[in-house]
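> based on what follows, work out the 3D shape:
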Amino acid sequence: MRLRRRQLGLLAGAAALPLPSALPAGAQAETVLRVAMTLSDIPYLGGQTDQGGEGWRFAGCTLHETLVNWDLSRADRPTRLIPGLARSWEADPADRRRWTFRLHQAARFHDGSRFDADALVWNMQKLMDPQAPHYDPRQAAQTFGRLNAIASVEKVDAFTVAITTRLPDAMVPYYFGRIMMSSPAQWEKVGRSWDAYVRAPSGTGPWKFDRLVPRQRLELLRNPDYWDKARIPQTDRLVLLPIPDANTRTAALLSGQVDFIEAPPPDAAARLKSAGMQIVTNTYQHTWPWFLSRVEGAPTADLRVRRALNLAIDRDGIAGLLQGFGKPAVGNVPPGHPWFGKPAWQIRYDPAEAKRLLAEAGYGPARPLKLRVTISASGSGQMQPQLMNEAMQEMLRAVGVEVGFEVIDWSTMTQRRGQGAQMPDQAGISGLNNSWSWVDPDFGFLSTLDSTKIPPRGNNWGNARVPEFDRLCAAVRAEFDPEKQDALLAELHARMVEDATWLFVVHDMNPRAMSPKVKGFVQAQHWIQDLTAIRMG
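Just a heads-up that it's a prediction; the model follows:
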């Protein structure tokens with residue numbers, strides 16, 4: 001699709017783009033990739049994005065980069081850590097608390113200033129030091145407590161930084177795969193204000209900021225001076241549109257208003273294919289569960305109830321509703337994965353056993369179990385939440401569980417998760433339907449199971465306090481041998497299944513639909529994707 005800049009007039013899910021008129025002789029046309037996100041608003045542009053995986057994918061690694069990247073070049077294997085803004089990192093063998101990061105010397109922010117050790121220290125202060133003039137609590141909240149483990153960040157020389165953790169911590173490289181870098185020079189230039197910065201953000205990424213219309217569109221331009229020459233974008237402009245309704249996204253693609261949509265609805269797949277659209281899926285590290293509350297008085301604090309809920313769900317039926325866009329989940333990771341382990345209790349579909357456990361816990365026809373669960377209408381990685389939750393509601397009703405839903409938007413959902421089930425405004429909420437990435441051990445397991453990670457220090461929304469979880473989480477952090485670390489994670493996951501910590505439902509197959517004009521996209525097995533290789537035919 002070749003359009004001139006003045007012709008990009010699409011409002012989210014509504015107005016159509018005008019048809020291009022003839023270009024003047026010799027004029028250079030602009031190639032444009034227009035993406036419909038599942039979000040209801042543009043992610044925060046200060047650097048450390050909000051709104052989950054889509055915020056990271058579309059406003060994080062496009063504009064503001066990280067020290068450690070993921071290899072997104074292949075679709076046929078799990079992703080792995082590779083150098084990003086840091087060309088190397090290592091823990092000191094004599095003191096595993098001390099890490100050395102050596103930075104690439106060619107990286108520049110979009111404003112022309114250099115990314116170096118001073119810039120890295122400044123960025124860590126914006127997240128860790130409330131006394132720093134540039135501290136940003138909005139960005140700090142999006143680190144989900146990952147930086148609590150870090151004791152100090154010190155400049156060694158112009159392109160080397162030493163990072164010291166409070167205890168030996170093998171998860172450090174994973175932390176820096178999610179910590180994004182903002183420009184100190186740009187923050188100064190706009191008046192030392194993050195509110196002003198988000199109107200003119202400057203990162204080191206392959207795309208530069210051009211225009212923002214809140215709740216409607218974010219437009220990014222190709223960065224021809226990007227430091228990693230192999231990843232300079234193949235299109236001139238990236239237009240990101242928040243369109244939370246799945247049917248509206250589908251209509252926008254079919255009508256030619258967008259080129260690429262996230263999470264097409266399953267029942268639209270045949271129509272999209274018949275219209276010549278591409279449907280792309282792949283396995284990746286993503287599970288769609290209900291987090292379950294363990295706060296005092298919550299019925300889900302009872303192991304029998306948590307197991308009963310898991311036994312009441314026909315996961316094959318849910319996967320059937322998704323028409324190939326999801327696979328049954330009997331844990332956080334699928335069987336056969338090195339982290340699955342050997343749980344002594346198995347998740348399965350067994351409504352008779354579910355009724356027996358509920359009766360043992362004191363629930364039945366005379367006293368039905370009543371739950372209230374927070375869900376979102378759409379959002380990053382949420383698949384088709386209303387369709388799926390309504391199906392689960394019926395399955396649970398069949399075993400004597402009455403479920404009511406509190407429906408909120410995705411941005412509010414992530415805030416609720418960051419506050420925890422113990423907060424007064426979440427009283428009476430037994431579950432939180434928040435899809436989850438286990439792309440790395442820390443985010444996937446440790447931040448949700450360790451009792452020291454109860455919000456606001458992490459993602460343990462339900463307030464699980466299980467000594468065995470705490471022991472294994474500490475052991476994983478202290479283990480630097482990959483095979484031994486995998487064995488510990490397998491043990492931790494087995495205990496998580498036996499504990500029925502969450503109500504596990506399906507693994508997402510990460511569907512995307514796109515115009516036949518979209519060429520070169522490789523769907524990696526990861527939350528984030530590389531849009532730089534896409535070209536428009």
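
> quick check: bridge partners of the closest residue to Leu212 other than its chain neighbours?
Once flanking residues are discounted, Leu212 sits nearest to Leu218: 5.4 Å by CB to CB, 6 or more residues apart in numbering. For every residue, glycine as well, the C-beta is placed using N, CA and C. Counting by DSSP bridges, Leu218 is bridged to Leu212, Leu240.

> show me what contacts Leu218?
Contact analysis of Leu218 by CB atoms under 8 Å, 6 or more residues apart in numbering lists Ile42, Leu45, Phe58, Ala59, Arg211, Leu212, Val239, Leu240.

> pLDDT weak spots in the protein?
Applying pLDDT under 70 to the chain flags the ranges 1-28.

> quick one: secondary structure of Ile318?
helix (DSSP: H, G, I helix; E, B strand; the rest coil).

> and for it, the neighbour number?
23 (other CB atoms under 10 Å).

> so how far is Ala312 from it?
Distance, Ile318 to Ala312, using CB to CB, to the nearest Å: 12 Å.

> show the contacting residues for Arg178.
Arg178 neighbours (CB under 8 Å, 6+ apart): Trp56, Thr66, Thr143, Arg146, Phe443.

> again, only this time at 10 Å
48-49, 56, 60-61, 66, 68, 142-144, 146, 439-440, 442-443, 527-528 (CB atoms under 10 Å, 6 or more residues apart in numbering).

> now the buried members of those.
Buried residues within the contacts of Arg178, counting neighbours by 16 or more other CB atoms under 10 Å: 48-49, 56, 60-61, 66, 68, 142-144, 146, 439-440, 442-443, 527-528.

> show me what counts as buried in stretch 268-285.
In stretch 268-285, the ones that count as buried by 16+ other CB under 10 Å are Ala268, Ala269, Leu272, Met277, Gln278, Ile279, Val280, Asn282, Tyr284, Gln285.

> which residue comes closest to Glu406 once chain neighbours are left out?
Nearest to Glu406 is Thr374, by CB to CB, 6+ apart, at 4.7 Å.

> verify the stated contact: that neighbour with Trp290.
Yes - applying CB atoms under 10 Å, one finds Thr374 in contact with Trp290, separated by 9.2 Å.

> so what sits against both of the two?
Common contact partners of Thr374 and Trp290 (CB under 10 Å, 6+ apart): Ser430, Gly431, Leu432, Asn433, Asn434.

> counting neighbours, which of the residues you listed comes out on top?
Ser430 (28 neighbours).

> any figure for the gap between that one and Gly297?
10 Å.

> quick one, helices of the stretch 51-200 of the chain?
Secondary structure of the stretch 51-200 of the chain (DSSP state H, counting those that start in this stretch): helices located at 52-55, 117-128, 137-141, 172-175, 184-189, 194-197.

> now do the stretch 301-450 of the chain
For the stretch 301-450 of the chain, the helices defined by DSSP H, counting those that start in this stretch occupy 303-311, 315-321, 351-360, 385-397, 410-419, 441, 447-449.

> dump the ones you listed into a markdown table; add distance to Asp225 as well.
Listed next are the helices of the stretch 301-450 of the chain as a markdown table, based on distance: least, CB to CB, whole Å:
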| stretch | distance to Asp225 |
| --- | --- |
| helix 303-311 | 52 |
| helix 315-321 | 46 |
| helix 351-360 | 59 |
| helix 385-397 | 41 |
| helix 410-419 | 33 |
| helix 441 | 36 |
| helix 447-449 | 36 |
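
> of those helices, which is nearest Pro456?
Among the helices of the stretch 301-450 of the chain, helix 410-419 comes nearest to Pro456, with 6.4 Å by CB to CB.

> helix 385-397 and the closest one, what's the angle between them?
Per axes from the mean of the first three to the mean of the last three CA atoms, to 10 degrees, the angle that helix 410-419 makes with helix 385-397 is 60 degrees.

> elements contacting helix 410-419?
helix 52-55, helix 137-141, strand 369-376, strand 401-408, strand 431-432 (3 or more CB pairs under 10 Å, 6 or more residues apart in numbering; DSSP states H and E).
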